[in-house]
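Asker: here's a sequence, model it:
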Amino acid sequence: MQAESGTRAATVVVDIGPAGIRAWANGDVTRQRAAVLRTGGGLVYGDEAARGAGADLGAFEGCLAEAVDEEYTALGASVFRTVELFRGLLLHVLTAVGAVGGVLAPGVPRRMVLVLPGQWGAIRRGVVERAAAAVADGVVTVGSSCAAVAAAEAEDSIRRGGAVGVVEQWPGCAVVSVVERASPAHQASVPGRPAGADRLPEHRGAVCLPGVVPGCGGGEGTGAGAGADVGRGLFTALAGLNAGVAPDSVIAVPRSGREFDRTLGAADGARVLFMDGDAPLRGAVLLARAL
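Answerer: Predicted coordinates for the structure are as follows:
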């Protein structure tokens, strides 16, 4: 997926998180705030917007992902269509990662793979997908849980095939989902065809648990030493998504910047693989190579 000299980037991967946005192109990665600021000279995005916010917070939106439900977003005395703000943010991160505007990639990318929160519905996804369609020729979406599972499997952290439970830590809630993968035997039955060649995988379902925040050392949303109790509730929810059966593996992905309470896995002797926040981006890059 390397860009040839003088041509546009073939594929870029963009991961939309609760407050940040990560982008990959041609082996380079950028991490930016999902922020926008209206200034006298126009709109600025990402880390630059966060640095310039200063005292004029009315003209600043620090988390565009939280504004995705609104058709319009007010920045000071001006009102903008939220989809257009997302378009500007995507263009900003693609420029930062060298996917547009550079010597190697003067035009828009041929394909953008979007990593979107699993708990988002069609309306929320549609806002970001329409914004992406304005800055890339083709757009493909994958849930963050599926992307994280792809990374864990490729890194040999979990066995291949079967159901994987995913716990994602978001501000103010935990999101649990189950990803069903084809068995290695089934994948091998289609010679020469990589897994996921037809389409990117989808999770079986995502459940948001408000107020359940598996943070550091029994922090927000938990009491002291409550990691096992929180874990028990999460594992019950995972089993409910998997026909009442515990998933074969469980991975935990921090999406809000907080560390996980490592006692989360003390419930019922469950084994939990704790991953880093970049796991969905890495997994989506691997999935994109199979397209």
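Asker: three-state assignment of the closest residue to Pro247 other than its chain neighbours?
Answerer: Of all residues not flanking Pro247 in the chain, Gly165 sits nearest, at 3.7 Å (CB to CB, 6 or more residues apart in numbering). C-beta coordinates here come from the backbone N, C-alpha and C atoms, glycine included. With DSSP: H, G, I helix; E, B strand; the rest coil as the basis, the three-state label of Gly165 is strand.
Asker: which one in the protein is furthest away from the centre?
Answerer: Gly40 (32.2 Å; CA atoms, centre = their mean).
Asker: tell me the phi and psi of that residue?
Answerer: Dihedral pair for Gly40: phi -60, psi -20, per degrees, to the nearest 10.
Asker: so the residue nearest to Pro247 makes contact with Val178?
Answerer: Yes: using CB atoms under 8 Å, Gly165 is in contact with Val178, at 5.5 Å.
Asker: need the overlap of contacts for the two.
Answerer: Common neighbours of Gly165 and Val178 are listed as 238, 241-242, 247 (criterion: CB atoms under 8 Å, 6 or more residues apart in numbering).
Asker: please convert these to CSV, extending it with pLDDT, neighbour count and distance to Gly126.
Answerer: Below are those laid out as CSV (pLDDT from 0 to 100; neighbours: other CB atoms under 10 Å; distance: CB to CB, whole Å):
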residue, pLDDT, neighbour count, distance to Gly126
Leu238, 87, 23, 28
Leu241, 86, 21, 24
Asn242, 86, 18, 28
Pro247, 88, 23, 29
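Asker: tell me which two of these sit farthest apart.
Answerer: Leu241 and Pro247 (8.4 Å; CB to CB).
Asker: quick check: neighbours shared by the two?
Answerer: Common neighbours of Leu241 and Pro247 (CB under 8 Å, 6+ apart) are 165, 178.
Asker: can you list the domains in this structure?
Answerer: The record's domain split for the chain, according to automatic domain parsing, is 11-136, 146-282.
Asker: residues contacting Ala152?
Answerer: Counted by CB under 8 Å, 6+ apart, Ala152 has contacts 158, 164, 249, 251, 273, 275, 279, 283.
Asker: any idea how far Gly88 is from it?
Answerer: Ala152 is 33 Å from Gly88, where distance means CB to CB, to the nearest Å.
Asker: what's the answer for Arg38, then?
Answerer: When Arg38 is compared with Gly88 (using CB to CB), they lie 11 Å apart.
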